[in-house]
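Engineer: Mind folding the following:
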Amino acid sequence: MKHKILYLLPYFEIAGTEVHVIELVKSFKDEYKILVVAPYGKGITLLKEGNITYREIIPLTFTNTKNYKRELKYIIEEFSPSIIHVHGAHELVYISKSVASSIPVIFTCHGYNTFLPFIDYKIATLINRKWGDSVIAVSNYDREKLIKAGLPVDKITLIYNGVSESKERRELPINIEGVIIGTAVRLTKSKGVRYLIEAFSYLYNKHREVNLVIIGDGEERNILEELTKRLNIEDRVFFLGALPNAKLYFSNFHIFVLPSLIEALPISILEAISQKVPVIATNVGGIPEIIENGKAGLLVPPQDSLALAQAIEKLLSDKKLIEYLKEEGYRRYRERFTLEGMIIKTKEVYQNLLNRSG
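Structural biologist: Next up is the predicted model:
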């Protein structure tokens, strides 16, 4: 009889955490019986496309914890999982244990896109010390933060995000002539897209063949669109919104840029280097674990539009460097960040818990 894995998320949009879970589920669904539980979001279409079993639950808020617990308890009793694997919200570890104390709970820490992350790491540590059975960190940056906050070393496993090497390619939904600088992010302040737009404004008149394409949506979109108008660059900046399977469009990009202020181990960079797209990113969080500056890509300080513009211009003027970064980035991907590697190590965590729980 197959063991059952319940994946529990606080949201299900189209971003890195959701892509990570979908990759896990697609890889494990022949070996385990799988159920994904999350509030409704745009990413649910990806679950339907992948024929992945899904149950909707109400979003967790401060005022509806009792109702959330009631719904989750019903789902758990009906599905009877062998393991509950929580992603992206440490509070769900406590809630899972409060309604099903005998079921092992794993928490994957995908980093914290807040401006006081040390508080989140501390709370995550306190919860998982008491109620979590195992913790997975997707970057050594996260692992060290949790250990520093007091999480026992033997309770945490470093498993880098991994992505599949897709051969499928899609044309952008609009026709754009010339060089394309691209990004794919959730449009929030922590992703730093305003600094990319400002950097592009420095290049706008000097490099008339260059365009900026932004894949993603979020609360900052209207603000960012207004910024392009104030800078008089709106004719060459294209907001495409959230596109399912965004990585399938990356082959259209001549340069991929991730200007984040905070990151764990961004899947979008892995998707770019797996397709041999040169990357420029900020030197934050776990990004240096993927990119060594000048090898697998270029790193710049966060919140520095001028440095970002200079890095873009450096690649625009150096074809040899672009080719070197493509090959070095791909080598780095194959060495550390394949889907196969992530699956093997995650399965080991599952098996250890299943052995311990009998």
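
Engineer: Surely residue 215 forms part of a strand?
Structural biologist: Yes. According to DSSP: H, G, I helix; E, B strand; the rest coil, residue 215 belongs to a strand.

Engineer: Just the pLDDT at it, thanks.
Structural biologist: On the pLDDT scale, residue 215 is placed at 97.

Engineer: Can you read off the backbone torsions of the closest residue to residue 326 other than its chain neighbours?
Structural biologist: Spatial nearest neighbour of residue 326, excluding adjacent residues (Cβ to Cβ, 6 or more residues apart in numbering): residue 276 at 4.2 Å. All C-beta spots, glycine's among them, are computed from the backbone N, C-alpha and C. Here is the backbone geometry of residue 276 (degrees, to the nearest 10): phi 60, psi 40.

Engineer: Residue 276 touches residue 332, doesn't it?
Structural biologist: No. At 11.3 Å, residue 276 does not count as touching residue 332 under the criterion of Cβ atoms under 8 Å.

Engineer: Comparing those two, which residue is more hemmed in?
Structural biologist: residue 332 (20 against 17; other Cβ atoms under 10 Å).

Engineer: Sticking with the more buried one, tell me its helix or strand.
Structural biologist: helix 319-336 (DSSP states H and E).

Engineer: got a list of contacts for the helix or strand containing residue 342?
Structural biologist: Per DSSP H and E: residue 342 is located in helix 339-357. Surrounding helix 339-357, the residues in contact under the criterion Cβ atoms under 8 Å, 6 or more residues apart in numbering are 3, 5, 23-24, 27-28, 31-32, 82-83, 104, 106, 133-134, 136, 157, 159-165.

Engineer: ok, now stretch 243-256?
Structural biologist: When contacts are defined by Cβ under 8 Å, 6+ apart, stretch 243-256 is touched by residues 14, 42, 45-46, 49, 163, 166, 168-173, 176, 179-184, 213, 215-216, 268-269, 271-272, 275, 277-280, 312, 315-316, 322.

Engineer: Can you get me the start-to-end distance on that stretch?
Structural biologist: Start-to-end span of stretch 243-256 (Cα to Cα, to the nearest Å) is 16 Å.

Engineer: Show me what counts as buried in that stretch.
Structural biologist: 243, 245, 246, 247, 248, 249, 250, 251, 253, 254, 255, 256 (16 or more other Cβ atoms under 10 Å).

Engineer: Make a markdown table out of the residues you listed and add secondary structure, pLDDT and distance to residue 205.
Structural biologist: Below are the buried residues of stretch 243-256 laid out as a markdown table (DSSP: H, G, I helix; E, B strand; the rest coil; pLDDT from 0 to 100; distance: Cβ to Cβ, whole Å):
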| residue | secondary structure | pLDDT | distance to residue 205 |
| --- | --- | --- | --- |
| 243 | coil | 90 | 29 |
| 245 | coil | 86 | 35 |
| 246 | helix | 92 | 29 |
| 247 | helix | 93 | 32 |
| 248 | helix | 95 | 32 |
| 249 | helix | 97 | 27 |
| 250 | helix | 97 | 27 |
| 251 | helix | 95 | 28 |
| 253 | coil | 97 | 22 |
| 254 | coil | 97 | 19 |
| 255 | strand | 98 | 19 |
| 256 | strand | 98 | 23 |
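
Engineer: how about JSON lines for those residues, with distance to residue 355 added?
Structural biologist: Shown next, in JSON lines, are the buried residues of stretch 243-256 (distance: Cβ to Cβ, whole Å):
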{"residue": "243", "distance to residue 355": "41"}
{"residue": "245", "distance to residue 355": "36"}
{"residue": "246", "distance to residue 355": "38"}
{"residue": "247", "distance to residue 355": "35"}
{"residue": "248", "distance to residue 355": "39"}
{"residue": "249", "distance to residue 355": "42"}
{"residue": "250", "distance to residue 355": "40"}
{"residue": "251", "distance to residue 355": "43"}
{"residue": "253", "distance to residue 355": "44"}
{"residue": "254", "distance to residue 355": "49"}
{"residue": "255", "distance to residue 355": "47"}
{"residue": "256", "distance to residue 355": "41"}
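
Engineer: Could you pull out the helices in this structure for me?
Structural biologist: 16-28, 44-49, 65-79, 91-99, 117-130, 140-148, 193-203, 221-230, 267-274, 287-290, 305-316, 319-336, 339-357 (DSSP state H).

Engineer: Mind giving me the packing neighbours of the second one?
Structural biologist: The reference is to helix 44-49. Packing partners of helix 44-49 (3 or more Cβ pairs under 8 Å, 6 or more residues apart in numbering; DSSP states H and E): helix 16-28, strand 54-56.

Engineer: Try it again at 10 Å.
Structural biologist: Other elements packing on helix 44-49 under the criterion 3 or more Cβ pairs under 10 Å, 6 or more residues apart in numbering; DSSP states H and E are helix 16-28, strand 33-38, strand 54-56.

Engineer: Distance to residue 88, mean pLDDT and mean neighbour count added to these, as JSON lines?
Structural biologist: Shown next, in JSON lines, are these (distance: least, Cβ to Cβ, whole Å; pLDDT from 0 to 100; neighbours: other Cβ atoms under 10 Å):
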{"stretch": "helix 16-28", "distance to residue 88": "5", "mean pLDDT": "92", "mean neighbour count": "21"}
{"stretch": "strand 33-38", "distance to residue 88": "10", "mean pLDDT": "96", "mean neighbour count": "22"}
{"stretch": "strand 54-56", "distance to residue 88": "16", "mean pLDDT": "95", "mean neighbour count": "15"}
